[in-house]
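K.L.:
quick one: sequence and predicted model below, then my questions.
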Amino acid sequence: MLTKAHNMDQAAGLRRLTRPRPVKVIAVTSGKGGVGKTNVSVNLSVALAQSGRDVLLMDADLGLANVDVLLGLRARHNLADVVDGSRSLEEIIISGPAGLKVIPASSGVQGMAELNALEHAGLIRAFSELSHHIDILVIDTAAGIADNVTTFTRAAQEVVVVVCDEPTSITDAYALIKVLNKDHGVYRFRVVCNMVQGVQEGRELFGKILAVTDRYLEVQLDLLGVVPFDEYLRKAVQKQRAVVEAYPRSKAALALKSMSQKVDKWPVQGNPGGHVEFFVERLIQASQEMEATL
Ligand SMILES: Nc1ncnc2c1ncn2[C@@H]1O[C@H](COP(=O)(O)OP(=O)(O)O)[C@@H](O)[C@H]1O
Ligand SMILES: [Mg+2]
């Protein structure tokens, strides 16, 4: 009897160990470059890490790889090394402030459409074997509607669109939302109004985007937060530190921290689609489908 009970305990324990844990996957994107995506990604991630979450930040902007630069980190290897089998995922991950983990940008991500079956399986295994526990995966994407941007975004559970109060930023954000909705089935977007003078201007900016999306699209738009233009954020960039860490009482830091609290409250998908290996699977599938339609 004892052995049987013991065996059952062991089996339950093993199941618990091997059961993939749900992870919140958030893609940060924008229509136009230079609106603050990387700063939003980095500071949200650091703020979430500061409040005790296990956060993995993936730099998916290949053109301007700057998560590592913004955090003053040195990346020696990247996902391409994981794909070709020369490094494990653990070996390429670098540590940032408050225990944040970072996957540096790499051309390996762009190459996902060309992965063969073995590499494909290898990459999924690399993620599923990750010994770090992850609560939240934040992806800093490139700007625009190129394939590498939309594949990440459609594979994520939450899409954050960063805008600032400039006509080009607004029209490009609308174009991005339209493409993600019509071509990729994304229907819910969380908007961050960045570099505005104050909350009022931020709300007005959100209102402008809402007016056009409500009129022409079937999407749900939520205002995630308003981040003021803040010299302290620039100073933090100069110092290669996250503003939430370097100047925690600055206006930008306070806004970003309150956004991180909202993000923390978003429910996490508990079904099988909500685990990191499923995300990677979806990511590869999306890039391969995209490739096939070319
Ligand atoms: N809230 C803000 N206040 C002041 N400057 C900002 C703010 N957000 C971004 N910036 C500035 O804008 C520049 C571009 O930001 P970044 O996060 O790199 O944009 P993206 O990733 O969208 O290209 C940064 O160098 C930063 O100095
Ligand atoms: Mg960027």
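P.N.:
Done, it's in. Note that the coordinates shown come from a computational prediction; the quantities given were computed from them, not determined experimentally. Ligands and ions are numbered 1, 2, ... in the order given.

K.L.:
compute the first-to-last residue distance for stretch 264-277.
P.N.:
Its first and final residues considered, stretch 264-277 spans 21 Å by CA to CA, to the nearest Å.

K.L.:
average pLDDT for it, rounded please.
P.N.:
Computed over stretch 264-277, the mean pLDDT rounds to 80.

K.L.:
now do the buried residues in that stretch.
P.N.:
Judged by neighbour count (16 or more other CB atoms under 10 Å), stretch 264-277 contains these buried residues: 264, 269, 274, 275, 276, 277. C-beta here means a position set from N, CA and C on the backbone, and glycine is covered the same way.

K.L.:
can you list the residue ranges for strands in the stretch 101-250 of the chain?
P.N.:
101-103, 136-141, 158-164, 188-196, 220-228 (DSSP state E, counting those that start in this stretch).

K.L.:
which strands and helices sit next to the first one?
P.N.:
Using 3 or more CB pairs under 8 Å, 6 or more residues apart in numbering; DSSP states H and E as the contact criterion, the secondary-structure elements in contact with strand 101-103 are strand 55-60, strand 94-95.

K.L.:
switch those strands over to JSON lines; also include distance to residue 32.
P.N.:
What follows is the helices and strands packed on strand 101-103, written out as JSON lines (distance: least, CB to CB, whole Å):
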{"stretch": "strand 55-60", "distance to residue 32": "17"}
{"stretch": "strand 94-95", "distance to residue 32": "28"}
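
K.L.:
for residue 223, find the nearest of those strands.
P.N.:
For these, distance to residue 223 was read as CB to CB. The smallest value, 22.6 Å, belongs to strand 55-60.

K.L.:
distance from the chain centre to the closest one, please.
P.N.:
In this view, strand 55-60 has its centroid 6 Å away from the chain centroid, taken as CA atoms, centre = their mean, to the nearest Å.

K.L.:
quickly note the distance from the residue of the stretch 101-250 of the chain found nearest ligand 2 to residue 198.
P.N.:
Of all residues in the stretch 101-250 of the chain, residue 140 sits closest to ligand 2, at 6.0 Å by CB to the ion. The gap separating residue 140 from residue 198 is 26 Å, by CB to CB, to the nearest Å.

K.L.:
residue 172 now?
P.N.:
Applying CB to CB to residue 172 and residue 198 gives a distance of 23 Å.

K.L.:
please apply the same query to residue 171.
P.N.:
In terms of CB to CB, residue 171 sits 23 Å off from residue 198.

K.L.:
show me which residues of the stretch 51-200 of the chain sit near ligand 1.
P.N.:
Counting by CB under 6 Å from any ligand atom, the residues of the stretch 51-200 of the chain lying close to ligand 1 are 66, 194, 195.

K.L.:
and with 8 Å instead?
P.N.:
Remark: the part of the stretch 51-200 of the chain in contact with ligand 1 comprises 61, 64, 66, 70, 140, 143, 162, 164, 194, 195, using CB under 8 Å from any ligand atom.

K.L.:
hey, where'd the helices end up in this structure?
P.N.:
In the chain, the segments counted as helices under DSSP state H are 2-18, 37-50, 67-70, 79-83, 89-92, 107-110, 117-128, 147-155, 167-184, 199-216, 231-238, 243-246, 251-265, 276-292.

K.L.:
helices or strands next to the second one in the packing?
P.N.:
This means helix 37-50. strand 24-29, strand 55-60, helix 67-70, strand 136-141, strand 158-164, strand 188-196, helix 243-246, helix 251-265.

K.L.:
now do it against strand 158-164, angle only.
P.N.:
Relative orientation of helix 37-50 and strand 158-164, computed by axes from the mean of the first three to the mean of the last three CA atoms, to 10 degrees: 130 degrees.

K.L.:
what sits against residue 168?
P.N.:
By CB atoms under 8 Å, 6 or more residues apart in numbering, residue 168 lies in contact with residue 32.

K.L.:
now do it against residue 174, distance only.
P.N.:
When CB to CB is the yardstick, residue 168 and residue 174 sit 11 Å from each other.

K.L.:
burial of the spatially closest residue to the residue of the stretch 101-250 of the chain closest to ligand 2 that is not a sequence neighbour, as a residue count?
P.N.:
Closest residue in space to residue 140, ignoring its immediate chain neighbours: residue 41 at 3.7 Å, by CB to CB, 6 or more residues apart in numbering. By other CB atoms under 10 Å, the residues close to residue 41 number 28.

K.L.:
wait, doesn't residue 41 sit right on residue 137?
P.N.:
No: the pair residue 41 / residue 137 is not scored as a contact, 11.0 Å apart, by CB atoms under 8 Å.
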